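Q: Fold the following for me, if possible:
(2 chains)
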Amino acid sequence: AQTVTQSQPEMSVQEAETVTLSCTYDTSESDYYLFWYKQPPSRQMILVIRQEAYKQQNATENRFSVNFQKAAKSFSLKISDSQLGDAAMYFCAYNAPSGGSNYKLTFGKGTLLTVNP
Amino acid sequence: DAMVIQNPRYQVTQFGKPVTLSCSQTLNHNVMYWYQQKSSQAPKLLFHYYDKDFNNEADTPDNFQSRRPNTSFCFLDIRSPGLGDAAMYLCATSRQPGQFNNQPQHFGDGTRLSIL
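A: Numbering: from 1, shown residues only, chains lettered A, B, ... in the order given. Okay, here's the model as predicted:
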């Protein structure tokens, strides 16, 4: 079974600084997708960034970028120039489109990010 | 704006009293999902609909049922809520994922269910 592990229950960062959130996963699939979702205090889950496993290039979305290490099964999220609005719970998630489970997102337990002014 | 709407935001029910949570979408997505998220835990998929095709996760308790009368609406029914069912319930939608592509899921704000 696929598992997603976020080893940092909580992280904090100073406004305008950079922070990296860690995620590792376990899978026997070769083709899959990885995601970072943000869940602010208002509780709506928002997709931040996603990475296709077959792509070697790391995904980037404005201030958000990932470091995808397929062999190590590691998928960290880097937030540059942190803003107060980045404060939220961040979930790493995994999806494999094959094997009949292509609908299922498997989430890690989340990392609560605090941004200090 | 197109979105996923969950009502109510907060729901209180009594132990053993049936309760229904609702979700609607204006995205015209053919897949709808229900997740359970307990405090400080990851969301856990309960079931999903692909159009009218219902798909239950193997470990979803029988106490949880779902209905999808049309593309726009999906309901979560808890027949006899227990104290352990207190949680945030998240609805999400997506387009049909293909075998070799993924479609991102769009989430509602959630309904926080409390059991007295």
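Q: Now do the contacts for residue 63.
A: You didn't say which chain, so I picked chain A. A:Ile79, A:Ser80, A:Asp81, A:Ser82, A:Gln83 (CB atoms under 8 Å, 6 or more residues apart in numbering or on different chains). Where C-beta positions appear, they are placed from N, C-alpha and C, glycine not excepted.
Q: The chain in question should be chain B.
A: Per CB under 8 Å, 6+ apart, neighbours of B:Asn63: B:Ile78, B:Arg79, B:Ser80, B:Pro81, B:Gly82, B:Asp85.
Q: wouldn't A:Met11 be in contact with A:Thr18 here?
A: No: A:Met11 is beyond contact range of A:Thr18, at 11.6 Å (criterion: CB atoms under 8 Å).
Q: So for these two, which residue has more residues nearby?
A: Neighbours of A:Met11 and A:Thr18, each counted by other CB atoms under 10 Å in any protein chain shown, are more numerous for A:Met11; the result is 16 against 12.
Q: Backbone dihedrals for the closest residue in space to the more buried one that isn't next to it in sequence, both of them.
A: Nearest residue to A:Met11, sequence neighbours excluded (CB to CB, 6 or more residues apart in numbering or on different chains): A:Leu113, at 5.2 Å. With angles defined as degrees, to the nearest 10, A:Leu113 sits at phi -100, psi 130.
Q: and the spatially closest residue to B:Arg95 that is not a sequence neighbour, how many residues sit next to it?
A: Nearest non-adjacent residue to B:Arg95, counting by CB to CB, 6+ apart: B:Gln103, 4.2 Å away. B:Gln103 has 19 neighbouring residues, counting by other CB under 10 Å.
Q: same question, B:Asp53
A: 10.
Q: Skipping adjacent residues, who's closest to residue 41 in space?
A: Assuming you mean chain A. Nearest residue to A:Pro41, sequence neighbours excluded (CB to CB, 6+ apart): A:Ala88, at 7.3 Å.
Q: actually it's chain B I care about, not the one you picked
A: Nearest to B:Gln41 is A:Lys109, by CB to CB, 6+ apart, at 6.3 Å.
Q: In what element of secondary structure is the spatially most central residue of chain A found?
A: Central residue of chain A (CA atoms, centre = their mean): A:Trp36, 3.0 Å from the mean position. Using DSSP states H and E, A:Trp36 sits within strand A:33-39.
Q: And the helix or strand following that strand, what does it pack against?
A: The first helix or strand that comes after strand A:33-39 along the chain, using DSSP H and E, is strand A:46-52. Under the contact criterion of 3 or more CB pairs under 8 Å, 6 or more residues apart in numbering or on different chains; DSSP states H and E, strand A:46-52 touches strand A:33-39, strand A:60-61, strand A:64-69, strand A:74-79.
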